[in-house]
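Student: the following block contains a protein sequence and its predicted model.
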Amino acid sequence: MPRFFDTPERYSLISRSLHWGMALLFAMQFVTSATRWALPREDPIREFFWAYHAPIGTTLFLLVLLRGLWGLINMHRRPAHGSGLIGRMARVGHLAIYALMVIVPTLRLIAAAGSTRGFSYLGVEIFAARETEIAWMDAMAEWHGELGWILGLLVLGHIAMAVGWHHFIKRDGTLQRMT
């Protein structure tokens, strides 16, 4: 029977579900961004995928907050990152990923609050459309995109370390604790 909380030997079903569910949503989010970047403006495939970017992003943001809270509750129970330089790098890498998972959507929400389009999530109006945009708030959208791609690179590094370093080189069971 799965344990409710994390243990030093294994992450809980809740931690693993949040991790892999968010991983799937992040993959979908980067597909929406990549198609928007790669395809011409009026392409129907581009528009189809882009229509899901904001709802997926908002769902991810809510899950990030939930996962952060769950991580804090389990902070002293979780498997250790290890020691030495690699362990410190893992902690810094995780901290950078978590920070960007909060900063990137926060920037977009600030931009939405200052835009003439407004913002709704699942049919609920979060920010009403403004008559005139607030330029400094709308400028946050640019930072959202740039930092989003940096987050994507950090996630790729995270995957490379989990699979390459922990699973194939060290064979230390780190990947199994999260699956």
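Tutor: Arrived safely. On a predicted model such as this, the values are computed, not experimentally measured, just so you know. Numbers count the residues shown, from 1 in each chain.
Student: can we go C-alpha only for contacts and neighbour counts from here?
Tutor: Will do.
Student: tell me which residue lies nearest the centroid of the protein.
Tutor: Using C-alpha atoms, centre = their mean, the residue of the chain that lies closest to the mean C-alpha position is residue 101, 4.5 Å off.
Student: any idea how far the helix or strand hosting that residue is from the chain center?
Tutor: Using DSSP states H and E, residue 101 sits in helix 84-113. Distance of helix 84-113 from the chain centroid (C-alpha atoms, centre = their mean, to the nearest Å) equals 8 Å.
Student: how distant is the helix or strand following that helix from the center of its chain?
Tutor: Next helix or strand after helix 84-113 toward the C-terminus (DSSP H and E): strand 119-121. Taking C-alpha atoms, centre = their mean, the mean C-alpha location of strand 119-121 is offset from the chain mean by 19 Å.
Student: counting contacts, what elements does strand 119-121 pack onto?
Tutor: If you count contacts as 3 or more C-alpha pairs under 8 Å, 6 or more residues apart in numbering; DSSP states H and E, strand 119-121 packs onto strand 124-127.
Student: elements contacting the helix or strand that the strand it packs on is followed by?
Tutor: Where DSSP H and E defines the elements, the next helix or strand beyond strand 124-127 is helix 135-138. Packing contacts for helix 135-138, counted by 3+ C-alpha pairs under 8 Å, 6+ apart, involve helix 84-113.
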